[in-house]
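Enquirer: Return a 3D structure for these sequence lines:
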Amino acid sequence: MALNIAVNLGRLGRWACEGKPARLQQFMKETEGFIDQLDKNAKSPRFQKTFDTFKANFTQLRSAKIDLVWAEMMFTWANILTHRARLA
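Expert: Numbering: from 1, shown residues only. As a prediction, this is how the structure comes out:
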């Protein structure tokens, strides 16, 4: 599930950079569904810390202005979750 979230974050970042907002809402909603699913599953303590930080940050990004800084944060979290997925 963490990798599904990471892939979607990469897509969201790319579309934000390309100025293609049409698909952002669809994938934000799908990503939120993945987050909810992962939230219900058992996670290792090491990954839980990362996941909690990500959820808080994602909540802030959900209502933030979509610009290049926003896109960079999506790319950053995609990278972090990709590397931490094995800890989940």
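Enquirer: Every contact and neighbour count from this point should use C-alpha atoms.
Expert: Noted.
Enquirer: ok, how many other residues are close to residue 5?
Expert: 23 (other Cα atoms under 10 Å).
Enquirer: same question, residue 39
Expert: Neighbour number of residue 39 under other Cα under 10 Å is 15.
Enquirer: So for the host helix or strand of it, what gets flagged as buried?
Expert: Secondary structure assigned from DSSP states H and E places residue 39 in helix 24-40. Going by neighbour count (16 or more other Cα atoms under 10 Å), the buried part of helix 24-40 is 24, 27-28, 31-32, 34-35, 38.
Enquirer: what do you get for stretch 3-19?
Expert: Buried residues in stretch 3-19 (16+ other Cα under 10 Å): 3-17.
Enquirer: one step back: tell me the first helix or strand C-terminal of the helix holding residue 39.
Expert: Counting by DSSP H and E, what follows helix 24-40 is helix 45-62.
Enquirer: Find the residue closest to residue 27 in space, skipping its chain neighbours.
Expert: residue 8 (6.6 Å; Cα to Cα, 6 or more residues apart in numbering).
Enquirer: Reduced to three states, what does the one you found come out as?
Expert: helix (DSSP: H, G, I helix; E, B strand; the rest coil).
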